[in-house]
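J.: need a 3D model of the sequence below.
(chains A and B)
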Protein chains: 2
Amino acid sequence: MTTPTLRGIFAPTLTPFQPDLSPDIPRWIAHCQWLLEQGCHGLCPFGTTSEANSLSVEERMEMLAQLVDAGVSPDVLMPGTGCCAIPDTVRLTRHAVELGCAGVLVLPPFYYKGVSDEGLFRTFAEIIERVGDSRLRIYLYHIPPVAQVGFSLSLIERLLKHYPSTVVGIKDSSGDWNNLHALLTHFPGFGTFTGSERFLLQTLQAGGAGAINAVANVIAAAERALYDDWQSAKAAELQQQIVAFRQAFRTLPPIPALKQILADHRGDPTWLTVRPPLVGLTEAEVAEMQAALAGSPILPAREAL
Amino acid sequence: MTTPTLRGIFAPTLTPFQPDLSPDIPRWIAHCQWLLEQGCHGLCPFGTTSEANSLSVEERMEMLAQLVDAGVSPDVLMPGTGCCAIPDTVRLTRHAVELGCAGVLVLPPFYYKGVSDEGLFRTFAEIIERVGDSRLRIYLYHIPPVAQVGFSLSLIERLLKHYPSTVVGIKDSSGDWNNLHALLTHFPGFGTFTGSERFLLQTLQAGGAGAINAVANVIAAAERALYDDWQSAKAAELQQQIVAFRQAFRTLPPIPALKQILADHRGDPTWLTVRPPLVGLTEAEVAEMQAALAGSPILPAREAL
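T.: This is a model prediction of the structure:
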């Protein structure tokens, strides 16, 4: 692998909604800028955490264009562009490449289940050839607990063989260290990001590219500190604090929980809104989470959020 | 329930593709017309069998408009319109209603897993209120083996209570007779269609509305005969022949298998094309299926297809 990949802490940015459920783009841009100030190396707008699959293609294109217009460098952007239908994925991917985005994070088509590696290979071949742009850099988005459809090692190997300068990395949200370890071992130099904050230190120790995970929306500074100091004596403690933060709401759906934390710390209830089919937390859930988070040494102070 | 529902044999129409993977709309319209001539009471363009989730919103709208333009009455159309994102579902649904379609078949949002009935209720409430048209008739599309997200009895009850003249039926593709029986028992007068050809006779005996299933793309005439004669002495034999037809390719993916049968019988290889992530059958699979189908008394003769 000779193509350099992105590296670092990337946040799959939460998407704020107005009361009518339309994206609150100015608030979203401010959040993106804050995440970069907090130490994120880059951003993945339109990941699972972003409720991307509850947004239309047009909404996603409009948001991304406004983000770049607002001055966020496309060099740090890896937007999610994978949809069920190839024409949608091609349209979003081409748009991201034309805006100059450094990479795209691509879900496999996720409606039909039990599809073959051959079918998934053909899907990515169609996407790559239809976009037809040498600037395209694809990061595979492996999240079988949600998408149900994922990337086997042999499929990745085949994609790398055919498209070595285009397929440059993966976000592994399997939640399975064995899978992540296999990726890190089989594909040295490939841009392997952990999708779980639990494995950040192990990923860095094994030569991985970094992390793309939901909690970066709140504790990016802590993840950045661990990224920078992973070889230091305090790395294990930082990793433990990050795990403990996530444990505080381990029984709750992560997207409304993280939006609740942002709303609480910014004093901004706009952040509470999710698009159906997601729903917000109950009062009891909020109280339980707030109690569990109290005293977290890495939760940003109220004024900083 | 006072709103009359659609009844009968509906085909979730297969979608032919050109070599460049664009929909072959003239061939598709001819197939739709043939299905009606074969005895289908109506059509469900853009079901799972239609590879609907491999088509963009724009492709689906263009196809549906051309189908109505070609003279197929919207009175017999129940297009699939359910997507992951509410704006997409609203756009497709509004378009179908404005074309005069008698109903729409609506998948739940299927990306996020483990979503609550409350979240699904809010999704459908948003769709119904945003479309805001008294002509809207929704048929719920319950297909948990593929969508993973489905409709519980209590969710259906709540939807019926709030939107009794809008939510008028369901296609049950759970493959589970117990679930289908529960629907037929709990919601008399509701338009309950079996999604599996296996349960056609039982569904009709229990007062159901009919069937919407993949095999109608080939054996609509046989399903229509059973629908018309379900109280006759020959009903059990017809049901058995229909089951045997499906059994001939029970181990194969149904969409490429049905396209293969159409291609063989029409002498038209255009029908072999599927959009990735689906792939066509292997030669061995084709040979096995052809042998198993030989002698089926309900497979249309080559000239009729």
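J.: mind jotting down where the helices sit in chain A?
T.: Here chain A has its helices, by DSSP state H, at A:25-37, A:57-69, A:86-98, A:117-131, A:144-147, A:153-162, A:177-186, A:200-205, A:216-228, A:235-247, A:254-266, A:283-293.
J.: closest to B:Arg7 out of those?
T.: Taking CB to CB, helix A:86-98 is the member of these nearest to B:Arg7, at 34.5 Å. Where you see a C-beta, it was placed from the backbone N, CA and C, and this is true even at glycine.
J.: who are the packing partners of that closest one?
T.: Packing partners of helix A:86-98 (3 or more CB pairs under 8 Å, 6 or more residues apart in numbering or on different chains; DSSP states H and E): helix A:57-69, strand A:104-106, helix A:117-131.
J.: low-confidence regions, chain A specifically.
T.: Residue ranges of chain A with pLDDT under 70: A:1-3, A:303-305.
J.: so A:Pro254 sits against A:Ala216, correct?
T.: No: if you go by CB atoms under 8 Å, A:Pro254 and A:Ala216 don't touch, sitting 11.8 Å apart.
J.: compare the two (neighbour count), which wins?
T.: A:Ala216 (30 against 16; other CB atoms under 10 Å in any protein chain shown).
J.: now that one: closest residue in space that isn't a chain neighbour?
T.: Of all residues beyond its chain neighbours, the one nearest A:Ala216 is A:Ala11 (3.8 Å), with distances taken as CB to CB, 6 or more residues apart in numbering or on different chains.
J.: what's the burial count for A:Leu64?
T.: Neighbour count for A:Leu64, taken as other CB under 10 Å: 22.
J.: and the one 3 residues further on, by the same measure?
T.: By other CB under 10 Å, 24 other residues sit near A:Leu67.
J.: picking up where we left off before, for the helices of chain A, which one sits closest to B:Gln247?
T.: helix A:117-131 (24.4 Å).
J.: does the closest one pack against any helices or strands, and if so which?
T.: Applying 3+ CB pairs under 8 Å, 6+ apart, one finds that helix A:117-131 contacts helix A:86-98, strand A:138-142, helix A:153-162.
J.: picking that back up, most tightly surrounded among the helices of chain A?
T.: Highest mean neighbour count among these (mean count of other CB atoms under 10 Å in any protein chain shown): helix A:216-228, with a mean of 24.
J.: who's in contact with stretch A:232-248?
T.: A:197-198, A:200-201, A:215, A:218-219, A:222-223, A:225-226, A:229, A:289, A:292-293, A:296-299 (CB atoms under 8 Å, 6 or more residues apart in numbering or on different chains).
J.: kindly report the same for stretch A:191-199.
T.: A:5-7, A:10, A:139, A:142-143, A:168-175, A:177, A:180, A:183-184, A:200, A:202-203, A:208-213, A:215-216, A:223, A:242-243, A:245-246.
J.: and for A:Ala294, the neighbour number?
T.: A:Ala294: 9 neighbours (other CB under 10 Å).
J.: residues from the stretch 101-250 of chain A in reach of chain B?
T.: For the stretch 101-250 of chain A, the contact set with chain B under CB under 8 Å from any CB of the partner chain comprises A:108-116, A:118-120, A:122-123, A:125-126, A:145-149.
J.: distance to B:Gly47 added to the helices of chain A, as a markdown table?
T.: Below are these laid out as a markdown table (distance: least, CB to CB, whole Å):
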| stretch | distance to B:Gly47 |
| --- | --- |
| helix A:25-37 | 35 |
| helix A:57-69 | 22 |
| helix A:86-98 | 19 |
| helix A:117-131 | 19 |
| helix A:144-147 | 21 |
| helix A:153-162 | 28 |
| helix A:177-186 | 34 |
| helix A:200-205 | 42 |
| helix A:216-228 | 37 |
| helix A:235-247 | 40 |
| helix A:254-266 | 30 |
| helix A:283-293 | 37 |
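J.: so which of the ones you listed is nearest B:Leu67?
T.: Across the helices of chain A, B:Leu67 has its closest neighbour in helix A:86-98 (19.2 Å, CB to CB).
J.: quick one: that closest one to helix B:57-69, angle?
T.: 140 degrees (axes from the mean of the first three to the mean of the last three CA atoms, to 10 degrees).
J.: angle of helix A:86-98 against helix A:117-131?
T.: Interaxial angle of helix A:86-98 relative to helix A:117-131 (the same axes, to 10 degrees): 50 degrees.
J.: centre of the chain to helix A:86-98, how far?
T.: 18 Å (CA atoms, centre = their mean, to the nearest Å).
J.: list of residues touching that helix?
T.: Contact with helix A:86-98 is made by A:57, A:60-61, A:64-65, A:77, A:79, A:81-83, A:104, A:106, A:109, A:123, A:126-127, A:130-131, A:133, A:135-136, B:21, B:54-56, B:58-59, B:275-276, as judged by CB under 8 Å, 6+ apart.
J.: and the angle from it to strand A:138-142?
T.: With the same axes, to 10 degrees applied, the angle from helix A:86-98 to strand A:138-142 works out at 130 degrees.
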